[in-house]
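Asks: What follows is a protein structure lacking sequence information:
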(Lines give C-alpha, C1' and ligand atoms only; values in the text may rest on other atoms or scores of the structure.)
Protein backbone atom coordinates (compact mmCIF):
# COMPACT_ATOMS: atom_id res chain seq x y z
CA UNK A 1 0.00 0.00 0.00
CA UNK A 2 0.96 3.61 -0.28
CA UNK A 3 2.73 5.44 2.53
CA UNK A 4 0.52 6.63 5.39
CA UNK A 5 0.88 10.28 4.43
CA UNK A 6 -0.48 9.73 0.92
CA UNK A 7 -3.46 7.53 1.86
CA UNK A 8 -6.94 8.86 1.28
CA UNK A 9 -9.46 8.84 4.14
CA UNK A 10 -11.16 5.87 2.46
CA UNK A 11 -7.87 3.92 2.29
CA UNK A 12 -7.40 4.58 6.00
CA UNK A 13 -10.98 3.44 6.61
CA UNK A 14 -10.23 0.14 4.86
CA UNK A 15 -7.03 -0.26 6.84
CA UNK A 16 -8.87 0.40 10.11
CA UNK A 17 -11.69 -2.05 9.32
CA UNK A 18 -10.14 -4.82 7.22
CA UNK A 19 -9.92 -7.39 10.00
CA UNK A 20 -13.60 -7.12 10.91
CA UNK A 21 -14.47 -7.11 7.20
CA UNK A 22 -12.52 -10.31 6.55
CA UNK A 23 -13.93 -12.08 9.59
CA UNK A 24 -17.51 -11.09 8.71
CA UNK A 25 -17.98 -8.95 11.81
CA UNK A 26 -18.34 -5.57 10.12
CA UNK A 27 -21.78 -3.94 10.06
CA UNK A 28 -23.52 -3.73 6.65
CA UNK A 29 -22.97 0.02 6.17
CA UNK A 30 -19.24 -0.33 6.70
CA UNK A 31 -19.12 -3.41 4.45
CA UNK A 32 -20.71 -1.34 1.68
CA UNK A 33 -18.20 1.44 2.23
CA UNK A 34 -15.22 -0.95 2.11
CA UNK A 35 -16.53 -2.69 -1.02
CA UNK A 36 -17.27 0.60 -2.78
CA UNK A 37 -13.74 1.79 -2.09
CA UNK A 38 -11.95 -1.37 -3.19
CA UNK A 39 -13.77 -1.22 -6.53
CA UNK A 40 -12.00 2.07 -7.21
CA UNK A 41 -8.68 1.57 -5.41
CA UNK A 42 -6.38 -1.16 -6.75
CA UNK A 43 -3.97 -0.78 -3.82
CA UNK A 44 -6.68 -1.47 -1.25
CA UNK A 45 -8.08 -4.29 -3.38
CA UNK A 46 -4.66 -5.96 -3.46
CA UNK A 47 -4.12 -5.39 0.27
CA UNK A 48 -7.52 -6.82 1.17
CA UNK A 49 -6.97 -9.82 -1.09
CA UNK A 50 -3.62 -10.61 0.53
CA UNK A 51 -5.02 -10.07 4.03
CA UNK A 52 -7.95 -12.40 3.23
CA UNK A 53 -5.61 -15.14 2.04
CA UNK A 54 -3.46 -14.85 5.15
CA UNK A 55 -6.56 -14.93 7.34
CA UNK A 56 -7.83 -18.02 5.55
CA UNK A 57 -4.53 -19.83 6.01
CA UNK A 58 -4.08 -18.96 9.67
CA UNK A 59 -7.65 -19.09 11.01
CA UNK A 60 -7.48 -22.85 11.48
CA UNK A 61 -4.24 -22.58 13.41
CA UNK A 62 -5.95 -20.59 16.13
CA UNK A 63 -8.50 -23.28 16.90
CA UNK A 64 -7.35 -25.63 19.62
CA UNK A 65 -9.41 -28.62 20.63
CA UNK A 66 -9.60 -29.08 24.39
CA UNK A 67 -8.89 -32.62 25.62
CA UNK A 68 -11.99 -34.76 26.14
CA UNK A 69 -11.34 -35.02 29.90
CA UNK A 70 -11.30 -31.23 30.25
CA UNK A 71 -14.51 -30.85 28.25
CA UNK A 72 -16.23 -33.48 30.43
CA UNK A 73 -15.05 -31.75 33.61
CA UNK A 74 -16.36 -28.39 32.43
CA UNK A 75 -19.67 -29.90 31.33
CA UNK A 76 -20.01 -31.59 34.70
CA UNK A 77 -19.36 -28.34 36.55
CA UNK A 78 -21.86 -26.47 34.37
CA UNK A 79 -24.55 -29.07 35.06
CA UNK A 80 -24.09 -28.57 38.82
CA UNK A 81 -24.75 -24.84 38.63
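Replies: That came through, no problem. Computed from a predicted model, the values in this text were never measured in an experiment.

Asks: centre of the chain versus the helix ranked longest in the chain, how much separation?
Replies: Identified as the longest helix of the chain according to DSSP state H is helix 42-58. Computed by CA atoms, centre = their mean, to the nearest Å, the chain-centroid distance of helix 42-58 equals 10 Å.

Asks: For the host helix or strand of residue 35, which helices and strands make contact with it?
Replies: Following DSSP states H and E, one finds residue 35 within helix 28-40. The contact analysis (3 or more CB pairs under 8 Å, 6 or more residues apart in numbering; DSSP states H and E) places helix 28-40 against helix 9-22, helix 42-58. Where you see a C-beta, it was placed from the backbone N, CA and C, and this is true even at glycine.

Asks: now the shortest one: how far from the chain's centre is it?
Replies: Centroid separation for helix 9-22 versus its chain: 10 Å, with CA atoms, centre = their mean.

Asks: other SSEs contacting that helix?
Replies: Applying 3+ CB pairs under 8 Å, 6+ apart, one finds that helix 9-22 makes contact with helix 28-40, helix 42-58.

Asks: what about residue 34, neighbour count?
Replies: Residues lying near residue 34 (other CB atoms under 10 Å) number 22.

Asks: Measure how buried the closest residue in space to it that isn't next to it in sequence is and give me the count.
Replies: In space, and not counting its chain neighbours, residue 34 is closest to residue 21: 5.1 Å by CB to CB, 6 or more residues apart in numbering. A count of neighbours around residue 21, defined by other CB under 10 Å, yields 20.
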